[in-house]
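A.B. asks: Any chance you can model this:
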Amino acid sequence: CMAQNGPGPMPLISSTRSVPNTLSPMPPRAGKLSVFSIGVNWIVEVGFGLRYSFLQWCQVRQMRILPADAARIPQAAFAPHQTPETPMTDPIAPLREFTVAMTALVGSTGEEHRLLATGRELLARLIARDDWLPEAFATPRADRYAQYLLHTDPLERFSVVSFVWGPGQRTPVHDHTVWGLVGVLRGAEACDEYRLDHGKPTPTGRRHVMQQGDIEAVSPTVGDWHRVSHAWDARATVSIHVYGANIGAVLRHRQDDTGALLDFVSGYDNALVPNLWDRSAAVRAGAARC
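C.D. replies: Numbers count the residues shown, from 1 in each chain. Alright, predicted model coming up:
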């Protein structure tokens, strides 16, 4: 399970607006009076400047305070997918709905706890059924686990990836450096937990097994180091991951068999991604029913 960083904070709006001096100049009658007049002018100008800066700061904050996450996410993301009795004229729809909802979510907040909480609900719906992932993105490699990109946000605020493990395959001990959610779509995977001890990942002695439908979060805040391995029968295990960046292009860290820490960039095992936007068959089917 691997991950990365989102965009930086919104830049503050700068302004060259000047605040005019509203005090009429007073003719200096004495040295002390002149100094007093200048002092009053300076205090008033600074006061106006601070007031304007404060209002400007409030405006910037208001631009970042958006409606509740759920109100920003298309309701289709929470509506039931097509039932098994309904012909699946649009089999990739669950993934498309998920990416649309995640795009709305990352556009509404940058707070990690909100991203993880709402993202977990969306991911739970995505992995609740196992008939939407094209076989090309659920196929194991013979030599190691596979990592297939399913979607990356154009601004690289999040990415969706399928990980596939064959029997006996596992990741190295690694970190993510950004928030992420991992949901098991098919099979089971075991996770060995690690913590940083004086800058080095150290096993905690805890291991948990995730079954189909289980979801866990990773990040430097909630726990970022682990090793994941196949924990099913002779069939491949598939999990769906969503990360707070284009995870395949994030510089991360792993521990080799000698305990040394190495930098790595995972990349992806596919050159093509699923076509989320060809809804022509569903549109034709709807037109035929009219």
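A.B. asks: Tell me the buried residues in the longest strand seen in the chain?
C.D. replies: Ranked by residue count and defined by DSSP state E, the top strand of the chain is strand 200-211. Residues of strand 200-211 classed as buried by neighbour count (16 or more other C-beta atoms under 10 Å): 201, 210. For every residue, glycine as well, the C-beta is placed using N, CA and C.
A.B. asks: what packs against that strand?
C.D. replies: Under the contact definition 3 or more C-beta pairs under 8 Å, 6 or more residues apart in numbering; DSSP states H and E, strand 200-211 sits against strand 180-186, strand 188-197.
A.B. asks: and with 6 Å instead?
C.D. replies: Packing partners of strand 200-211 (3 or more C-beta pairs under 6 Å, 6 or more residues apart in numbering; DSSP states H and E): strand 188-197.
A.B. asks: what bits of the stretch 51-200 of the chain have low per-residue confidence?
C.D. replies: In the predicted model, the stretch 51-200 of the chain carries pLDDT under 70 at residues 51-88.
A.B. asks: Mind jotting down where the strands sit in it?
C.D. replies: 146-152, 159-165, 173-174, 180-186, 188-197, 200-211 (DSSP state E, counting those that start in this stretch).
A.B. asks: Looking at those, which is nearest to Val222?
C.D. replies: Ranking the strands of the stretch 51-200 of the chain by their distance to Val222 (criterion: C-beta to C-beta) puts strand 180-186 first, at 9.7 Å.
A.B. asks: Next one: Pro220 from Asp175, what distance?
C.D. replies: 8 Å (C-beta to C-beta, to the nearest Å).
A.B. asks: ok so, going back, mind putting the strands of the stretch 51-200 of the chain in JSON lines, distance to Asn246 included?
C.D. replies: Conversion of those to JSON lines gives the following (distance: least, C-beta to C-beta, whole Å):
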{"stretch": "strand 146-152", "distance to Asn246": "5"}
{"stretch": "strand 159-165", "distance to Asn246": "5"}
{"stretch": "strand 173-174", "distance to Asn246": "17"}
{"stretch": "strand 180-186", "distance to Asn246": "12"}
{"stretch": "strand 188-197", "distance to Asn246": "23"}
{"stretch": "strand 200-211", "distance to Asn246": "24"}
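A.B. asks: nearest to Val283, of those strands?
C.D. replies: Comparing those by C-beta to C-beta, strand 146-152 comes nearest, at 21.4 Å.
A.B. asks: Show me the contact partners of that closest one.
C.D. replies: 99, 137, 140, 159-164, 246, 266, 268-270, 273-274 (C-beta atoms under 6 Å, 6 or more residues apart in numbering).
A.B. asks: between that strand and strand 159-165, how many degrees?
C.D. replies: With axes from the mean of the first three to the mean of the last three C-alpha atoms, to 10 degrees as the basis, strand 146-152 and strand 159-165 are set at 160 degrees to each other.
A.B. asks: how about the CA coordinates for strand 146-152, as CSV?
C.D. replies: This file holds the C-alpha atoms of strand 146-152, laid out as CSV (Å, rounded to 0.1, in the frame of the first residue of the first chain):
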residue,chain,number,x,y,z
ALA,A,146,1.1,-5.5,-9.3
GLN,A,147,0.1,-1.8,-9.0
TYR,A,148,-2.4,-0.5,-11.6
LEU,A,149,-3.4,3.1,-12.0
LEU,A,150,-7.2,3.4,-12.4
HIS,A,151,-7.5,7.2,-12.2
THR,A,152,-5.5,10.3,-11.2
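A.B. asks: Among the strands of the stretch 51-200 of the chain, which comes closest to Asp224?
C.D. replies: Among the strands of the stretch 51-200 of the chain, strand 188-197 sits nearest to Asp224 (C-beta to C-beta), with 8.1 Å.
A.B. asks: Quick check: Val137 vs Arg227, distance?
C.D. replies: Slight slip there: residue 137 is Phe, not Val. 23 Å.
A.B. asks: Now list the buried members of the contacts of strand 146-152.
C.D. replies: The buried subset of the contacts of strand 146-152 (16+ other C-beta under 10 Å) comprises 99, 137, 140, 159-164, 246, 266, 268-270, 274.
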